[in-house]
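Colleague: Okay, structure incoming, though there's no sequence with it:
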């Protein structure tokens, strides 16, 4: 198993963060966690700092204010010590051998993401009914057995969970921070990566749960308005660079970032 740094931006939403972290420790080996505390309240900050004390492989980068998803991820990757990185939202529940199964696809490809219940585009999957972590794990294992080894090449994957060698991240140049609080920075990253010759793939045999929209809801943001603004930023950036080459086609149904 190869060591992986898991980068998790956090702005409050402590209950979800606790569930996410617990699922990671229950289902993952050979990893370190780097949490970027993006201007959280005292309760969340104190809990994160406690984890950094009691766990050897748990680090915290503290921002006094919310610098947005893209900036937080870039900060976290700077602290990543492992060969591979995983960008992960704090409102997910991972499943048995999720990271091991994602890393297996990097034997052939460069950037990989799983299937989930709440995600845009081709990563969306409904493998079965579950009501808690135990039943989720059963569903995810069954999904893996039915789809073992299957992968689909795509132009982009969603950044609620992305795994890649750190060298790929550094070559592409990280997330573009002009996308602010979130949305579309992951698609922009993948488009830059694919133009450099890297390949993005969906691991069709990996399923994790994504609650979705949690941080945006906590912030009281107009999610659709934010999504629209960042979609426009993406369009303007790629329209200028690629001219008439189609970028925003029917495939680009953007996720509303949690």
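Modeller: Perfect, thanks for sending it. The structure displayed is predicted, hence computed values, not measured ones. Residues are numbered from 1 along each chain as shown.

Colleague: so where do the strands sit in the stretch 1-150 of the chain?
Modeller: 4-10, 31-38, 58-63, 84-88, 92-93, 111-116 (DSSP state E, counting those that start in this stretch).

Colleague: Direction included, what does the second one pair up with?
Modeller: Sheet partners assigned to strand 31-38 using DSSP bridges are listed as strand 4-10 (parallel), strand 58-63 (parallel).

Colleague: Next: the shortest one.
Modeller: Note on strand 92-93: by DSSP bridges, its sheet partners are strand 200-210 (antiparallel).

Colleague: list the buried ones in the strand it pairs with?
Modeller: 200, 201, 202, 203, 204, 205, 206, 207, 208, 209, 210 (16 or more other CB atoms under 10 Å). C-betas here are computed from N, CA, C, even on glycine.

Colleague: shaky segments in the stretch 151-258 of the chain?
Modeller: For the stretch 151-258 of the chain, the stretches with pLDDT under 70 are 180-182, 213-228, 230, 240-258.

Colleague: Counting neighbours, what do you get for residue 195?
Modeller: 12 (other CB atoms under 10 Å).

Colleague: Next one: it from residue 172, what distance?
Modeller: 9 Å (CB to CB, to the nearest Å).

Colleague: Would you reformat the strands paired with strand 31-38 as a markdown table and include mean neighbour count and distance to residue 131?
Modeller: Below are the strands paired with strand 31-38 laid out as a markdown table (neighbours: other CB atoms under 10 Å; distance: least, CB to CB, whole Å):
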| stretch | mean neighbour count | distance to residue 131 |
| --- | --- | --- |
| strand 4-10 | 25 | 25 |
| strand 58-63 | 18 | 29 |
